[in-house]
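Colleague: Turn this into a structure:
(one chain, ligands or ions: 1)
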Amino acid sequence: RVPIQEVDPTVFETRFLRKIKDLGEGHFGKVELCQYDPRGDGRGQLVAVKSLKPESRGQLWREIDTMRELYHHNIVKYRGVCSEDGGRTTKLIMEYLPAGSLKDYLPWRKHQTDLRRLLHYALQICQGMDYLGSQRFIHRDLAARNVLVENESTVKIGDFGLTKSMKEDKSYYTVREETDSPVFWYAPECLVDCKFYSASDVWSFGVTLYELLTYCETSSSPTTVFLEMLRPIQGQMNITQLVEVLMAGRRLPCPPHCPDAVYSLMRRCWESSPENRIQFKDLITELELLQDERHG
Ligand SMILES: COc1ccc(-c2cccc3nc(Nc4ccc(N5CCN(C)CC5)cc4)nn23)cc1
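Modeller: Coordinates of the predicted model:
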């Protein structure tokens, strides 16, 4: 009997990985669209391939180990890894979502996307985040740019570059000096104490909900609005000014045409102290109630 060659489907060979285009880059490295075509018939699957700058290699393995353990309808699927030159460079292979992130998708679909659908996306993000929290992970970079669109009824959390595991039962993660941190998505405790709790992800979700209700348009983005609010006196905005404004109780404004009930949900994500913030499981309940109301 000839033994059937056991092929590990999560091992991708470089020679069959054909780059098609760049999908995005960050301080981490980059994500490319590739076709994996081992049969060479041009009918291989499309995949999103994340590679990191060499100095962040350790980070990529943490990200790979994170994604390997996550199975949820609203989290982008891990496909496998591709190691080159003797494992010195490793790439993370994920399912490819053709429509891109909410920031790529929503501004162009503004007129086909009603409030009910926005709340449906918000609910799915909370379901993904509630699952992430149940696995003792903290995302630390939840924003519309990291939420990917599978189709007009499904979105998935798509980037775990800053996700930290809280296995050793700590309740927060101490942020190292981050290069270009998404400060306008950060809760006060992250800005002041460099501490990231699961409740800090709830704050970021509130900002992401604000982005959804403004259709992810750059003109009304959190960065634009906060910078206007801070109107940097001596030009360059600094973290202290942002903290002062937040400690004074200032928050992003209610987006145009956003119902009070939805804005009050955002405000409950932006409570100054983490323990007073609403949790993802309660956000799910509230968003489901709002959905039913909208069913009429
Ligand atoms: C921070 O940059 C990224 C880029 C891609 C991903 C990622 C991870 C895991 C799966 C996945 N699927 C897609 N799809 C996708 C499709 C289209 C576009 N854009 C098309 C239009 N362009 C103007 C912008 C990019 C971007 C991403 N992106 N993507 C995550 C972070």
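Colleague: unless I'm mixing things up, residue 68 is touching residue 79, no?
Modeller: No - here residue 68 does not reach residue 79: they are 10.4 Å apart, not a contact under C-beta atoms under 8 Å. Just so you know, the C-beta spots here come from the backbone N, C-alpha and C atoms, and that holds for glycine as well.
Colleague: Residue 197 is in contact with residue 277, isn't it?
Modeller: No - the criterion here is C-beta under 8 Å, and residue 197 misses it with residue 277 at 9.0 Å.
Colleague: Compare residue 68 and residue 79 (neighbour count), which wins?
Modeller: residue 79 (20 against 13; other C-beta atoms under 10 Å).
Colleague: Minimum distance to the ligand, which residue of this protein gives it?
Modeller: Closest to the ligand within the chain is residue 24: 2.5 Å, counting by C-beta to the nearest ligand atom.
Colleague: residues making contact with the helix or strand containing that residue?
Modeller: Here residue 24, judged by DSSP states H and E, is contained in strand 17-25. Contact with strand 17-25 is made by 30-37, 44, 46-49, 82, 91, 100-101, as judged by C-beta atoms under 8 Å, 6 or more residues apart in numbering.
Colleague: go with 7 Å
Modeller: Strand 17-25 has contacts (C-beta atoms under 7 Å, 6 or more residues apart in numbering) with 30-37, 48-49, 82.
Colleague: Then stretch 100-108?
Modeller: Here stretch 100-108 has contacts from 99, 113, 144-149, 155, 158, 212, 215-217, using C-beta under 7 Å, 6+ apart.
Colleague: Those residues of the stretch 151-296 of the chain touching the ligand, which are they?
Modeller: Counting by C-beta under 6 Å from any ligand atom, the stretch 151-296 of the chain comes close to the ligand at 158-159.
Colleague: Which stretches in the stretch 151-296 of the chain count as helices?
Modeller: Using DSSP state H, counting those that start in this stretch, the helices of the stretch 151-296 of the chain run over 188-193, 198-213, 222-230, 239-247, 260-269, 280-295.
Colleague: most packed of these?
Modeller: Highest mean neighbour count among the helices of the stretch 151-296 of the chain (mean count of other C-beta atoms under 10 Å): helix 198-213, with a mean of 25.
Colleague: that older thread, okay, residue 197 and residue 277: which has more neighbours?
Modeller: Between residue 197 and residue 277, residue 277 has the larger neighbour count (other C-beta under 10 Å), namely 23 against 20.
Colleague: after the helix ranked longest in the chain, next one along is what?
Modeller: Secondary structure of the chain per DSSP state H: the longest helix is helix 115-134. Using DSSP H and E, the helix or strand that follows helix 115-134 in sequence is strand 137-138.
Colleague: one step back: for the residue of the chain closest to the ligand, give its distance to residue 202.
Modeller: Computed as C-beta to C-beta, to the nearest Å, the residue 24 to residue 202 distance reads 25 Å.
Colleague: try residue 193
Modeller: In this view, residue 193 and residue 202 are 17 Å apart by C-beta to C-beta.
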